[in-house]
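> Pasted the sequence and its predicted model underneath.
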Amino acid sequence: MRVIYTLRRASGGPAESVLRSSAALRALGHHVEVVTADPPDTPPPAGASFVFHPLGGEGAQTLGRWLRTERDRFDAVIVQGLWHAGHTVRTSLRGSATPYFVFPHGMLDPTFARSYPLKHLKKQLYWWWREGRVLRDARAVCFTCEEERQRARRTFFPYAVNERVVAYGAARPPVEPAQYAALRCAFWEKFPVLRERSLILFLGRIHHKKGLHELIDGFAQFRQTRGGEPLPALVIAGPCERSPRLPAALQKQAAAHGLSQVDLRDGESAARAASSADIVWLPMLGDDLKWGALLASEAFILPSHHENFGIAVAEAMACGRPVLISDKVNIWREIAAADAGLVAPDTAAGVHELLTRWAALTPAARAEMGSAARECYEQNFEINRAAASLAETIRTCLTQSSQR
């Protein structure tokens, strides 16, 4: 059983991961059910291969009653994220033989404590009251990489958890490489203005933590230093549910730099769009268009101020695309070690550095980095390996408990 607040794709990486890894777990022979606080009439996500229970968000009582009734059917319950359902899961499983596991999904990162000290103080009080006990009593607290585990130790106290680093991953394109051209063509048919352009792609939620202000400032600096030579367009694609005013602020910022822009988020005809725009804004892309955008780009960029894993980073590497990322993306060490991309600080100067270093690479060097990116994905972030790692972690913990 997996418990997560929502499976709406626009909510970010955890929902995408649960959807994809649950399919991989089922392929390994495991039965998976997912409980969420989505409205009860919410249909299962497209492509869901598990039993879906949207219980509604009216409070913990519904989840608690459901778990107390159903808990004995499951070998384990996995809580995806903090501050939502952990206390209810802990109390509802008390007295049963069913253990629970917790994925913090970056919510223990000290970045939040520095950025929002008052919110952190409130969470520290809640940690003493409830959440610290949730993690203390979990059979294991699962981190997606060593960087996340190390950073989590510096945020709340007291900190006493049974830590495990569990492989985490993302899906690859849903077709064979010979069919990648069809995905690219579908993307170009939807946005024909981009067909003849070289593209640097940002794909993710439009949110302050993604470093988008720095991305635009750094991109503007890069253009100023390159003179009149032809340069790739910066494509920014994604939803903005949590920051609805941010796109307008970012567009105003870009205009102040003299960058030309075209906004295709509201259905504007691509035929009328200027084919030489410096920045192209796209909406959240469905699966086929998402893969098409990744395959049509020359590199993926993410200068995030905090990124626990980065599902889109791994998806880009699955497509053989080098990734230009900040050193606040927690998997940056694995990427740097594999020469699968470039890494710099999460600043405008860091973005300028990434783009300048990328521009200096020869076509052969870029192709070699793309091959390294694909290999890094296969070795570290492939979704079936990740599902097998999670299943083995649960199996090991259950075995150790039975031997006590």
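Received the coordinates, thanks.

> low pLDDT regions in this structure?
58-59, 267-275, 402-404 (pLDDT under 70).

> For the longest helix along it, list every residue counted as buried.
Ranked by residue count under DSSP state H, the longest helix found in the chain is helix 383-402. Under the neighbour-count criterion of 16 or more other CB atoms under 10 Å, helix 383-402 has I383, N384, R385, A386, A387, A388, S389, L390, A391, T393, I394, C397 buried. In short, each C-beta sits where N, CA and C put it, glycine included.

> what about E16, which helix or strand?
helix 13-27 (DSSP states H and E).

> how much does that helix deviate in direction from helix 383-402?
Counting by axes from the mean of the first three to the mean of the last three CA atoms, to 10 degrees, helix 13-27 lies at 80 degrees to helix 383-402.

> Mind listing the strands the following helix or strand past helix 13-27 pairs with, and their directions?
Moving toward the C-terminus from helix 13-27, the next helix or strand (DSSP H and E) is strand 33-36. Each strand paired with strand 33-36, and its direction, by DSSP bridges: strand 2-3 (parallel), strand 51-54 (parallel).

> where do the helices sit along the stretch 1-150 of the chain?
Assigned by DSSP state H, counting those that start in this stretch, the helices in the stretch 1-150 of the chain fall at 13-27, 60-70, 86-93, 110-115, 117-126, 132-137, 146-152.

> Distance from the first one to the middle of the chain?
Shown here is helix 13-27, whose average C-alpha point lies 13 Å from the average C-alpha point of the whole chain (CA atoms, centre = their mean, to the nearest Å).

> Check which helices and strands that helix sits against.
helix 311-318, helix 383-402 (3 or more CB pairs under 8 Å, 6 or more residues apart in numbering; DSSP states H and E).

> And the second one, by the same measure?
With contacts taken as 3+ CB pairs under 8 Å, 6+ apart, helix 60-70 sits against helix 86-93.

> what sits up against the helix it packs on?
For helix 86-93, the surrounding residues in contact (CB atoms under 8 Å, 6 or more residues apart in numbering) are 3, 60, 63-64, 67-68, 71, 77, 79, 99-100, 102, 130-131, 133-135, 137-138.

> related to what we said a few turns ago, the buried residues of helix 383-402 into CSV, with extra columns for distance to L125?
Converted to CSV, the buried residues of helix 383-402 look like this (distance: CB to CB, whole Å):
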residue, distance to L125
I383, 38
N384, 41
R385, 39
A386, 34
A387, 36
A388, 39
S389, 34
L390, 32
A391, 36
T393, 31
I394, 32
C397, 30
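
> ok, so of these, who is nearest A372?
Comparing the buried residues of helix 383-402 against A372 with CB to CB places R385 closest, at 17.7 Å.

> The residue nearest to the closest one when sequence neighbours are not counted in helix, strand or coil?
Using CB to CB, 6 or more residues apart in numbering and skipping residues adjacent in sequence, the residue nearest R385 is A167, 5.7 Å away. With DSSP: H, G, I helix; E, B strand; the rest coil as the basis, A167 sits in coil.

> Please give the number of neighbouring residues around A167.
Look at A167: counted by other CB atoms under 10 Å, it has 19 neighbours.

> Spit out the contact partners of it.
By CB under 8 Å, 6+ apart, the neighbours of A167 are N380, F381, R385, A386, A388, S389, L390.

> Nearest to L355, out of those residues: which one, please.
The closest of the contacts of A167 to L355 turns out to be F381 (CB to CB; 24.2 Å).

> And the strands in the protein, which stretches?
For the chain, the strands defined by DSSP state E cover 2-3, 33-36, 51-54, 77-80, 100-103, 140-143, 163-165, 199-203, 233-237, 261-263, 279-282, 299-302, 323-326, 341-344.

> just so I know, which of the helices of the stretch 1-150 of the chain lies nearest C319?
helix 13-27 (15.0 Å).

> buried stuff in that closest one?
For helix 13-27, by 16+ other CB under 10 Å, it's 13-25.

> what do you get for stretch 224-232?
L231, P232.

> can I get the CA coordinates of that stretch in PDB?
The C-alpha atoms that make up stretch 224-232 are tabulated as PDB, following Å, rounded to 0.1, in the frame of the first residue of the first chain:
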ATOM      1  CA  GLN A 224      25.100  39.300 -24.500                       C
ATOM      2  CA  THR A 225      28.500  37.600 -24.500                       C
ATOM      3  CA  ARG A 226      27.900  35.700 -27.700                       C
ATOM      4  CA  GLY A 227      27.400  38.600 -30.000                       C
ATOM      5  CA  GLY A 228      25.300  38.000 -33.000                       C
ATOM      6  CA  GLU A 229      26.000  34.300 -33.500                       C
ATOM      7  CA  PRO A 230      22.900  32.000 -33.800                       C
ATOM      8  CA  LEU A 231      22.000  30.600 -30.400                       C
ATOM      9  CA  PRO A 232      19.500  28.000 -29.200                       C
END
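
> How far does it sit from its chain's centre?
The mean C-alpha position of stretch 224-232 is separated from the chain mean by 31 Å, CA atoms, centre = their mean.

> Out of the strands paired with strand 33-36, which is the most enclosed?
Per residue and on average, the most neighbours among the strands paired with strand 33-36 fall to strand 2-3, with a mean of 24 (mean count of other CB atoms under 10 Å).

> So which residues lie in contact with it, not counting its own?
Taking CB under 8 Å, 6+ apart as the rule, strand 2-3 contacts 18, 22, 32-36, 63, 77-80, 85, 89.

> how much space between the residue nearest to R385 and G218?
A167 sits 32 Å away from G218 when distances are taken as CB to CB, to the nearest Å.

> and what of E189?
From E189 to G218 the distance is 31 Å (CB to CB).

> Who has more neighbours out of the two?
Taking other CB under 10 Å, E189 and G218 do not tie; G218 has more neighbours (25 against 12).

> and that one, what is it in contact with?
Neighbours of G218 in contact, by CB under 8 Å, 6+ apart: P303, T347, A348, A349, G350, V351, H352, L354, L355.

> Quick check on the residues you listed: which are buried?
P303, T347, A348, G350, V351, H352, L354, L355.

> Show me which pair in those is furthest apart.
T347 and L355 (12.9 Å).

> domain assignment for this structure?
2-169+384-402, 177-381 (automatic domain parsing).

> if we can go back for a sec, closest one of the contacts of A167 to L285?
Top of the list for closeness to L285, among these and by CB to CB, is F381 at 20.3 Å.
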